[in-house]
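**Q** next comes the sequence, and after it the predicted model I'd like to discuss.
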Amino acid sequence: MKHLLRSIVLGLLLLPCLPSARAHASDTTYTSRASFEAALSSFQIDSLDGITSDPHVLDVRADFSISTPSVMYGCINQAGCGDNSGIGFDSAYEWTYNTSPVTFTFNAPASAIGFDYANPTCCGDGSVLTLDGNSSGASSGFFGIISDTPVTSFVMSGSGSYMLIDNITYGQADVPEPASMALFGLGVGGLAMLRRRRKAA
């Protein structure tokens, strides 16, 4: 019993020495909106109503801002963007140009982001979406990621010239903290040792 307690105390003392989880140490990707939303404990959807229709580099929303060093255009009722309603984009959505990254910066840490995306009808070149280094593998659909660590920013880019995005979905997932996982592991290990000792006695 003394050895067991010594092991647990030693493990607790070593917890501060454990490497802290880096941002996006492990992402889970989703191509199904339903599965993505089901994996979240809470989420919100920004349908991009109220965006400006002029080219801009910063769009401030209620919980986050969208910025890019390239050009982004707010499409409202097809003005200046042609008709993309056949692929599900109408009313209000964003059109990004070039392969420059687009950064979503949140007011408070979020562990998940996802959205509908597609190449525009007029001039799609098969551009594939990448979100924090995770490739969607397709030129249209839904793509989302859940990070094991809540962060304040996510970066999106496309492999080609243009990309449409809409219905930005973000929120929280129940992800155990690394320290909690370590404590849980120590507890399980301690119980196993105690059980073995009892059997041997």
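**A** Done, it's in. Numbering: from 1, shown residues only.

**Q** CA atoms for contacts and neighbours, from now on please.
**A** Will do.

**Q** how about the helices in the chain?
**A** With DSSP state H, the ranges of helices along the chain come out as 2-14, 33-38, 178-200.

**Q** worst mean pLDDT among these?
**A** Mean pLDDT is lowest for helix 2-14 among the helices of the chain, at a mean of 46.

**Q** how much space separates the residue nearest to V71 when sequence neighbours are not counted from A39?
**A** Excluding the flanking residues, the one nearest V71 by C-alpha to C-alpha, 6 or more residues apart in numbering is Y97, at 5.7 Å. In this view, Y97 and A39 are 31 Å apart by C-alpha to C-alpha, to the nearest Å.

**Q** higher neighbour count, those two?
**A** Y97 (20 against 16; other C-alpha atoms under 10 Å).

**Q** any idea how far G50 is from the spatially closest residue to T29 that is not a sequence neighbour?
**A** Ranked by C-alpha to C-alpha, 6+ apart and with sequence neighbours excluded, the top spatial neighbour of T29 is I145, at 4.4 Å. From I145 across to G50, the span is 25 Å (C-alpha to C-alpha).

**Q** same question, S100
**A** Counting by C-alpha to C-alpha, the gap from S100 to G50 is 24 Å.

**Q** cool, V151 as well?
**A** For V151, the distance to G50 - C-alpha to C-alpha - is 26 Å.

**Q** same check on A110?
**A** 23 Å.

**Q** can you get me a residue count around the residue nearest to T29?
**A** 24.

**Q** ditto for A34
**A** 10.

**Q** same check, this time on A108
**A** By other C-alpha under 10 Å, the residues close to A108 number 11.

**Q** tell me how far it lies from T99.
**A** According to C-alpha to C-alpha, A108 and T99 sit 27 Å apart.

**Q** kindly report the same for S159.
**A** According to C-alpha to C-alpha, S159 stands 6 Å off from T99.

**Q** now for these two: what residues contact both?
**A** By C-alpha atoms under 8 Å, 6 or more residues apart in numbering, S159 and T99 have no common neighbours.

**Q** longest strand of this structure, counting residues only.
**A** strand 140-158 (DSSP state E).

**Q** could you say what helices and strands it packs with?
**A** strand 27-30, helix 33-38, strand 102-118, strand 129-131 (3 or more C-alpha pairs under 8 Å, 6 or more residues apart in numbering; DSSP states H and E).

**Q** how about these, which one is nearest F64?
**A** Proximity to F64 (C-alpha to C-alpha) singles out strand 102-118 among the helices and strands packed on strand 140-158, at 4.1 Å.
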